[in-house]
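Enquirer: missing the sequence, but the structure's below:
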Ligand code: FAD
Ligand code: MLT
Ligand code: ZN
């Protein structure tokens, strides 16, 4: 699958053990988490450090062989798996994690460090990390930077972009850029780290990140609230937001709760069933729970609620939300469309989706959930394997009519290349392509991701 001269030079760089050509072993890297995207790689190469990454990229560039970068392979849009005989560059060995710099509340982490490893490391030093998501055991720093990951803490700390102080990265020609000093103010020219956040492996291989740390959340309380519909959820959020202690606001619906309960054997969270559920979490010092419960009791949208101010109780309430992804994937291979709309249009989107999707395929099973605060709904459609394009077209056009984005946090990948123009103007796409051609003139990095390269 790979020409011998390139194979020899890659082995000379990373060592025999870290060039994988065996088909069975390669296969474990070649299917994405959703099982919707797969391909064949020329080989898997696992460099140990930035110098090896640079040499691998230079050799692949000289040979004109494309490269796809992979971190934890938890991406949802097919961006981290090969399409057709790319060299798959795995960052798993770029896992060095430096000591926390308490004075600046920052840390330097290798691209292959997993989120959970980073979280444990910084928590031991009395800090926390601003982004959290359910794939924390596998998602890597490099992948989260490359996709500008969002997660469940965007309300309090923003997306991955807001956590990145600097980056080290390698361009397709093997040249290395390094901005890891941790300077908060450094206005000398274009901000390359910002450009690489969200670039989905198409502009460079990120090898390390200098990350901002945040204070621990403090005393927390979570509430799972039953409400009538998405409009009630939006209205409830508007009445608790000014508490100033809100740390998360998520939404899911009866269909998803049923799947989660069937998949996890969790009990019904409330005595009765409700059409819509809002998971709210407050965190502060001193304890914000009493004020939180008092405010909820004053909100007419609340049909019922369960509040947890202990860790076990909070984890149990979060399980209802975080188990959605695995519960849906246990039912089949879902078409996953991660979208966002202005929060004022959220209820309209939720109400319009069933009709839009059933017009394409009446057999569809629709499961919605997501990040209420950001107007970010994860549209999961089961039984749509043979009409995925038409369902995608219907959903993304609806989102576009509501002035939303075809991708809220997962990126474009290969999944949404054909619909980029619904959210980006021709002028923006032309500028993005100009940047791509400037930094990767041979278009060797992640071909087919973000741009239609046919
Ligand atoms: P991969 O899947 O390996 O790659 C993702 C993309 O980044 C690919 O295009 C790849 O080429 C590129 N890439 C990876 N590493 C690098 C690098 N070092 N340099 C350059 N490019 C690179 N996402 C959210 O935003 N919010 C959520 O709440 C969320 N929850 C999730 C829950 C579950 C259960 C799962 C399975 C996924 C979830 N995700 C979520 C999606 C996924 O975890 C994120 O997109 C994450 O950022 C991917 O990281 P990764 O290391 O797995 O990247
Ligand atoms: C989530 O919010 O749980 C993730 O983005 C995963 C998903 O969309 O399934
Ligand atoms: Zn999400």
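Expert: Now that the structure is in, tell me what you want to look at. Quantities reported herein were computed from a predicted structural model and do not represent experimental measurements. Ligands and ions are numbered 1, 2, ... in the order given.
Enquirer: The spatially most central residue of the chain: which element?
Expert: Centrality entry for the chain: nearest residue to the mean C-alpha point is residue 149, 3.8 Å, by CA atoms, centre = their mean. Assessed by DSSP states H and E, residue 149 sits outside every helix and strand.
Enquirer: what does residue 48 give?
Expert: Secondary structure (DSSP H and E) places residue 48 outside all helices and strands.
Enquirer: ok, so what distance separates it from residue 141?
Expert: For residue 48, the distance to residue 141 equals 16 Å [CB to CB, to the nearest Å]. From N, CA and C alone the C-beta is placed, and that goes for glycine too.
Enquirer: One more: residue 50?
Expert: Using CB to CB, which is the criterion applied here, residue 50 is 14 Å from residue 141.
Enquirer: So between the two, which is more surrounded?
Expert: Remark: of residue 50 and residue 141, residue 141 carries more neighbours, 35 against 19, as counted by other CB atoms under 10 Å.
Enquirer: What parts of the protein come near ligand 2?
Expert: Applying CB under 6 Å from any ligand atom, one finds that the chain approaches ligand 2 through 134, 325, 336, 338, 378.
Enquirer: taking the residues you listed one by one, which sit in helices?
Expert: Secondary-structure check on the residues of the chain next to ligand 2 using DSSP state H: residues within helices are residue 325.
Enquirer: Of the residues of the chain next to ligand 2, keep whichever come out buried.
Expert: Members of the residues of the chain next to ligand 2 that pass the buried threshold by neighbour count (16 or more other CB atoms under 10 Å) are listed as 134, 325, 336, 338, 378.
Enquirer: doesn't residue 322 make contact with the first one?
Expert: Yes. Using CB atoms under 8 Å, residue 134 makes contact with residue 322 at a distance of 4.3 Å.
Enquirer: near ligand 1, from the buried ones among the residues of the chain next to ligand 2?
Expert: Restricting those to those touching ligand 1 (CB under 6 Å from any ligand atom) yields 134, 325.
Enquirer: wait, which of the buried ones among the residues of the chain next to ligand 2 is closest to residue 229?
Expert: Within these, the smallest distance to residue 229 is 17.7 Å, found for residue 378 (CB to CB).
Enquirer: how about the nearest residue to that closest one, chain neighbours excluded?
Expert: In space, and not counting its chain neighbours, residue 378 is closest to residue 370: 4.6 Å by CB to CB, 6 or more residues apart in numbering.
Enquirer: what's next to the helix or strand containing the one you found, contact-wise?
Expert: Assigned by DSSP H and E, residue 370 belongs to strand 365-371. Contacts to strand 365-371, defined as CB atoms under 8 Å, 6 or more residues apart in numbering, come from residues 150-152, 154-155, 249-253, 255-256, 259, 321, 324, 328, 331, 334, 338, 350, 353-354, 357, 376-383, 408-409.
Enquirer: picking up where we left off before, tally of neighbours for the residue nearest to residue 378?
Expert: Neighbour number of residue 370 under other CB under 10 Å is 26.
Enquirer: What of residue 119?
Expert: Here the count is done by other CB under 10 Å, and residue 119 has 16 residues near it.
Enquirer: give the contact list for it.
Expert: The contact partners of residue 119, taken as CB under 8 Å, 6+ apart, are 128-129, 132, 136.
Enquirer: So it, which state does it fall into?
Expert: The assignment at residue 119 comes out as helix when based on DSSP: H, G, I helix; E, B strand; the rest coil.
Enquirer: ok, for residue 446, nearest residue in space, not its chain neighbours?
Expert: Distances taken as CB to CB, 6+ apart put residue 201 closest to residue 446, at 4.1 Å, once the chain neighbours are dropped.
Enquirer: ok, that neighbour - contacts?
Expert: The neighbourhood of residue 201, defined by CB under 8 Å, 6+ apart, consists of 68-69, 79-80, 146, 445-446, 449.
Enquirer: Can you tell me which of those is nearest residue 104?
Expert: residue 146 (24.0 Å).
Enquirer: Residue 204 versus that closest one, what's the distance?
Expert: Computed with CB to CB, the distance linking residue 146 and residue 204 is 9 Å.
Enquirer: Quickly list what's touching both of those two.
Expert: When contacts are counted by CB under 8 Å, 6+ apart, residue 146 and residue 204 have residue 196 as shared neighbours.
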